[in-house]
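K.L.:
A predicted structure for the sequence below; I have some questions about it.
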Amino acid sequence: MPTFFKSLKFKFALAISLLVVLILLVDAIITVITKSREMKEDITVNAQSYAEMSVKPICEGYQVYYTSGFYKFREIMLDFLRMNRNVKKIQILDVSGAVCFDSEELETGRYLLSPSERKISETGLLENIKKLVCTAGPYQLNKYEKGWEIVVPYIEEWGRHRFSVRYLVLYDISS
């Protein structure tokens with residue numbers, strides 16, 4: 001038996017086995033990277049479609065219920081967040097950059113600050129809020145999490161543009 005391990009056949013079989021393992025490992029790594037990119041793209045496309053379809057009911061709910069019936073508005077917003085679990089934050093912003101609503105308010109069940117007290121200062125975001133088209137791009141949510149920022153204008157029936165909705169989407173494939 002010891003002579004078999006020293007034999008050329010064993011060494012050749014061991015080399016072939018290691019080569020097969022290496023090929024399978026490289027294939028698995030490539031598959032994971034490819035699937036991860038595809039999932040991020042799917043999440044991005046899905047979130048952008050979701051944002052464009054939900055902006056009207058979100059803004060109309062805000063106009064009707066935010067000040068007169070916050071708890072009804074809260075339920076509407078919780079439903080929207082449940083519909084797309086990758087959307088981590090929704091903000092309603094007026095074209096001047098004031099934050100009219102932030103989904104963080106849903107945690108407390110009350111207003112955090114009045115819109116006049118909280119303003120957006122990021123130049124790029126301010127420009128996107130004023131645009132009449134949907135804008136989207138990568139966004140660093142925090143030190144460890146990357147995501148996608150989508151800003152969709154709400155154009156009222158007669159063409160007035162007072163609000164835009166900002167969606168922060170996290171590439172979390174575990175939820």
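P.N.:
Yep, that arrived.
K.L.:
lowest confidence element among the helices and strands of this structure?
P.N.:
For the chain, using mean pLDDT, DSSP states H and E, the weakest element among its helices and strands is helix 2-6, scoring a mean of 58.
K.L.:
and the next helix or strand past that one?
P.N.:
Counting by DSSP states H and E, the element after helix 2-6 in chain order, helix or strand, is helix 8-65.
K.L.:
can you give me the mean pLDDT across that following helix?
P.N.:
Taken as a whole, helix 8-65 has an average pLDDT of 82.
K.L.:
contact partners for the residue nearest to the spatial centre of the chain?
P.N.:
Ranked by distance to the mean C-alpha position of the chain (C-alpha atoms, centre = their mean), the top residue is residue 169 at 0.9 Å. With contacts defined as C-beta atoms under 8 Å, 6 or more residues apart in numbering, the neighbours of residue 169 are 43-44, 47, 84, 86-88, 147-150. (C-beta placed from N, C-alpha, C; glycine too.)
K.L.:
residue 142: neighbouring residues, count only.
P.N.:
8 (other C-beta atoms under 10 Å).
K.L.:
buried residues, stretch 34-53. List them.
P.N.:
Neighbour counts using 16 or more other C-beta atoms under 10 Å place 40, 43-44, 47-48, 50-51 of stretch 34-53 among the buried residues.
K.L.:
count of residues packed around the closest residue to residue 40 other than its chain neighbours?
P.N.:
Leaving aside its chain neighbours, residue 40 sits nearest to residue 171 (5.1 Å; criterion: C-beta to C-beta, 6 or more residues apart in numbering). Burial of residue 171 is recorded as 17 neighbouring residues (other C-beta under 10 Å).
K.L.:
go on, residue 100?
P.N.:
By the criterion of other C-beta under 10 Å, residue 100 has 18 neighbours.
K.L.:
what about residue 19, distance to residue 12?
P.N.:
Spatial separation of residue 19 from residue 12 under the definition C-beta to C-beta, to the nearest Å is 11 Å.
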